Structure formats: C-alpha cells, structure tokens
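# kindly return the folded structure for what I paste below:
(chains A and B)
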Amino acid sequence: MLKEKMETVMSEKEIARAITRISHEILEKNNGAETLVLIGILSRGADVAKRIAAKIKEVEGVVVPVGLMDINLYRDDIHIKLDQPVIQRTEILFDVVDRNLILVDDVLYTGRTIRAALDQIIDFGRPRSIQLAVLIDRGHRELPIRPDYVGKNIPTQKDDRVLVRLKEKDGKEMVVVVKAGMKKPVPKILSAGKSPKKGGKK
Amino acid sequence: MALKSRHLLGLEGICAEEITLILDTAESFREIIERPIKKVPTLRGITVLNLFYEPSTRTRISFELAEKRLSADTVSFTPATSSVKKGETLKDTVRNIEAMKIDMVVVRHSSAGVPYFLTHCIESNIINAGDGAHEHPTQGLLDMFTIRRKYKKLKGLRVVLVGDIKHSRVVRSNIWGLKAMGASVALCGPSTLLPVEVERFGVDTYTNLDKAIDGADVVNIMRIQLERQQAGLFPSQREYTNLFGMTGERVKLLNKNYTIMHPGPMNRGVEITNEVADSGSSVILDQVTNGQAIRMAVLYLLSGKKEAGEEE
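The predicted structure follows:
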C-alpha cells in the first residue's frame, strides 16, 4: 500500500553518476579547479558538496575548499514558524572574495533556501561568481532562481515530498518521491538502520 | 526541542535539555562574531528595550551588541535621565514604553523579582540581566558555555565558587545551571558572606579555601564588594586577601588542567592576583566574548515566542 505511492527516482548508481557529471561540468565551465570554492547547505547539501570536491580531486588533483552553511538565520519565515529552528554551525574557513563559488544543495524547490544562502554569502565577501549545483530540481519556484548544474529534473506535485537519503547521514543511498496524500511519517524503508529495498519499482 | 518558557527569569528549574539547547545554539552564534560582517538578519523587525536600573558595563554592552548583531532595533533606558526622576513607577514606565510597540525587554534591577513582576505588567518577552541577589541567568549560561568549550563536557567537573556567596546573583545562577548539567559544585567564602539558608542549595560549602579548591577543575571567583567591609562583614581587605584571595601559590592545589574564571569587574590584588588573572589558565576575557554568543542565542530562542506554558 505504501509502495504504490512512493517512487524511487534515483538509485545509488544514478546518484554517483550525477555527481560525477556535475563535477565535470563545473570543471569545464570554470576552466579547471583553481578558482573554485564549494559551499554546501546543511545538512545534506554539505555531503553532496564534499563528494563533488572528492570527485574534482580525483579528476584534476586539486583540493577545492569546502564550506558548510546553515541558512536558518537568513530565512524569511523565521517568525512565522512556531518554534525556532535549531541552528547548526556555519563553517567557511576560507576567503570567498574573487573566487568562483559553487553553492550546493540536495533539492531545489521554491528557491527560498537559495535566496537566504545568497544573502549570507554576500556577508562573507564578494565572490567573482556564484553558481548553483543541486542533486534534484523538483520545480515550483517561488523566486527567480535557476540552477547551473542539475543531477536530475523531477516533475512533482507541490505537496509531494522528495526525500534524499545519503550514506553519510542515513546509511543508505537513494532519492524517493512520496506522493501527495500520504500521511506524514516517513515510510519504514527510509528510516535509518534498515537496509533499503533493492532498486526502483517495476 | 524548544525552550519551555517565553521568558528567561533564572536558571532555577530549567532542565538540562533546555540548557544544552541554549549552549549548542550559542556555539553556532559564536562563529558569527568572528565573521568579517558580524551581523545576521534574523531579528529584523523585532524591537528590544534595554531597561538597566543598575550600572553595568559588560552585560549592557554585551546585550546591545548581541541585539545589533541579530539586526534587532534597540532602545536603551537609563533611569537617571527619565521620568523615574519625576516619580513614575516601574509598572507605568514599562507599560508606556511598551505602548510604543516593543517585543522584548532586557531588565536589570537592584530588587530581586523585578523581571518576574514585569511578566505580569507587559506582553513582551522578558530576559533577566541581573535582579538583586536573585539570579543572573545569562552570566550563569556563559560561564557554563566557557567551561564546556574548554572541557567538552560539564558532567563530573568540580566547580568551586569563591567569595561573596551571600550577595551574588551570579553564584545562584551558576549553582542551578551546573547542578542541572551534572557538575559537582562547591561554595567557599567567609561565614559572614554565606547565606543563612546555604544548605538549601544542596552543594558542599567551605570556609577554608585550600580545602575547597583541592582537586577542583574550575574556580569561579566572585567580586568582593568593598562596601561589605564597611558593613563589618569581614575585618580587613588584607585579611580577606590572605584567606580567600586566589594566588599563584594556591592554584597549585587545583587539578592539572584547571581554569580560573571571574565574572568581572575584578578587584585585582583583592580576590585575585594579577599573576592568576593574566595567566594562561584564566578564561576571563573568553567569558566576555562568549557572553555575546549566549545572549544572541537567548534572544533568538525567545524571540517571537507567544504562548507561555505556565499561563495557558
């Protein structure tokens, strides 16, 4: 019953391929890795950013600095929500001035997170450019923001949920769309600790 | 996880989870203070009133900077230049200021209980910045934050609070907070400066400093208020220094990786020698920096909280 409303849209292999492709696209567009810095949005964007950095090191032999960013303090709905979100630590231990900065997140949806991240980056300095890399673009933008690098475009309904599960945090590796109308609790096979069902549907 | 109350009146009765939330949040805010642009837009549109009925350097500037770094609008109130001089009551004063639409009040007052009283006068979130000899919760929190940053824990550490225990609100906030976090707390001071109901705190009490600090990890030294000597609570400054002053000789009794703290302002040469105050084990200036992060965390966590648990 649960399975009918849930669809695996990316498998472990597909995620790996997407990250490899994005890494190559970033290198191509920026003529190598020398000017690059990566900033991942916490929490899963940070994991994607680290993987892109590892891939770039593998391909070019260049270590690209990776920063982590919590955007909650820059949210536009912080006083609308009932409880304040828990703030994680932002760690940008390098200068962003005059670098080509790649902002990385797992899912791009309304664009509001990215707006907050852009504002925060500007408070750290003035990069030469800011480019956006996302693993999933699910549409429904509410702000004029578009990604430069996309792992996969996925058509969704507004009230669907896109769940990215990565080994670093979740012990499993998959992207799942939970269709609208399902009850809130995350389906069992996605909660940490259990082995994921093999492959996609069909 | 969120704070249970919409005010911060004291640390008495606050549970370990709430304290941990504040300390963890402060850890994230600590990084903002080190940025080139030390400002985030989080409290845009929130107006904070700093109501300081008592003199203060550190606490007031620390709160003001914390508010500004969160982009709140701030107004400061000084009784000396206000209608308090014309006889306006505290209640009327705050209700009139609140009528100008403020959201949060940071209050310091020489009478214990004023912050609590204000929660019944106005709708704003109230933060206690020191009330009489009752509590100074943000100081207690920043002391714990400073200790936790150094030792990566609070549980099991031996913390000794030395000096004027009777009149110190910093001591009270430290006791409640440290006990909730599982630290072992001891008090030490001349018996005239220990409160009568000292057993009520449920912590070890000493009148001999060498015994108190033997094997301790942290010594937090309270300021000795010199007017207490005039009141006859100790015979002479020199005697106090001999018996309760923290000297380079005494610190040898402490554990190897010890820490010296002082909430300020210090009387150098009275409760603490220059040697100890300026040594590598002294975290007195870290306390001041960390205070800002703690105050940012408290302002952030209380901002916009509307429904009070206890008043529902």
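
# where in the chain is pLDDT low?
Picking chain A for this. Low-confidence segments of chain A, defined by pLDDT under 70, span residues A:1-4, A:80-82, A:181-202.

# actually it's chain B I care about, not the one you picked
For chain B, the ranges with pLDDT under 70 are B:307-312.

# what about the residue most central in space within chain B, which SS state?
For chain B, the residue sitting closest to the mean C-alpha position, by C-alpha atoms, centre = their mean, is B:Q139 at 1.8 Å. Following DSSP: H, G, I helix; E, B strand; the rest coil, the label given to B:Q139 is helix.

# for chain A, see how far away the nearest residue to it once chain neighbours are set aside is.
Spatial nearest neighbour of B:Q139, chain neighbours left out: B:V170 (4.9 Å); criterion: C-beta to C-beta, 6 or more residues apart in numbering or on different chains. The C-beta positions use only the backbone N, C-alpha and C, and glycine is treated the same way. Using C-beta to the nearest C-beta, to the nearest Å, B:V170 is found at 26 Å from chain A.

# what is the helix or strand that contains B:I260 packed up against?
Using DSSP states H and E, B:I260 sits in strand B:259-261. Applying 3 or more C-beta pairs under 8 Å, 6 or more residues apart in numbering or on different chains; DSSP states H and E, one finds that strand B:259-261 contacts helix B:137-151, strand B:218-221, helix B:284-302.

# centre of the chain to that strand, how far?
From the chain centre to the centre of strand B:259-261 is a distance of 15 Å (C-alpha atoms, centre = their mean, to the nearest Å).

# enumerate the positions of that strand that are buried.
Within strand B:259-261, the residues scored as buried using 16 or more other C-beta atoms under 10 Å in any protein chain shown are B:T259, B:I260, B:M261.

# want to throw these into JSON lines with distance to A:D47?
JSON lines is the format used below for the buried residues of strand B:259-261 (distance: C-beta to C-beta, whole Å):
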{"residue": "B:T259", "distance to A:D47": "36"}
{"residue": "B:I260", "distance to A:D47": "41"}
{"residue": "B:M261", "distance to A:D47": "38"}
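
# of the residues you listed, which is the nearest to chain A?
Closest to chain A out of these is B:T259 (23.2 Å), distances taken as C-beta to the nearest C-beta.

# can you tell me which of the buried residues of strand B:259-261 is nearest B:L3?
Nearest to B:L3 among the buried residues of strand B:259-261 is B:M261, at 25.1 Å by C-beta to C-beta.

# correct me, but the closest one touches B:V218?
Yes. If you go by C-beta atoms under 8 Å, B:M261 and B:V218 touch, sitting 6.4 Å apart.

# mind listing the shared neighbours of these two?
Listed contacts common to B:M261 and B:V218 are B:I147; contacts here mean C-beta atoms under 8 Å, 6 or more residues apart in numbering or on different chains.

# could I get the full set of helices for chain B?
B:16-33, B:58-69, B:90-98, B:114-119, B:137-151, B:169-180, B:209-213, B:227-230, B:237-244, B:274-277, B:284-302 (DSSP state H).

# contacts only, for whichever residue of the stretch 151-300 of chain B sits closest to chain A.
The minimum distance from the stretch 151-300 of chain B to chain A, using C-beta to the nearest C-beta, falls at B:Y300 (6.2 Å). Taking C-beta under 8 Å, 6+ apart, we find B:Y300 in contact with A:L73, A:Q84, A:I87, B:T25, B:F29, B:T42, B:L43, B:L70.

# looking at the residues you listed, which one is closest to B:R250?
Closest to B:R250, out of all of the contacts of B:Y300 and judged by C-beta to C-beta, is B:F29, at 34.9 Å.

# got a list of what that closest one touches?
B:F29 touches A:I87, B:Q292, B:A293, B:M296, B:A297, B:Y300, counting by C-beta under 8 Å, 6+ apart.

# interface residues of chain A facing chain B?
A:70, A:73-74, A:78-79, A:83-84, A:86-91, A:119-120, A:123-125 (C-beta under 8 Å from any C-beta of the partner chain).

# hmm, 10 Å instead?
When proximity is defined as C-beta under 10 Å from any C-beta of the partner chain, chain A approaches chain B at A:70, A:72-76, A:78-93, A:95, A:97, A:116, A:119-120, A:122-125.
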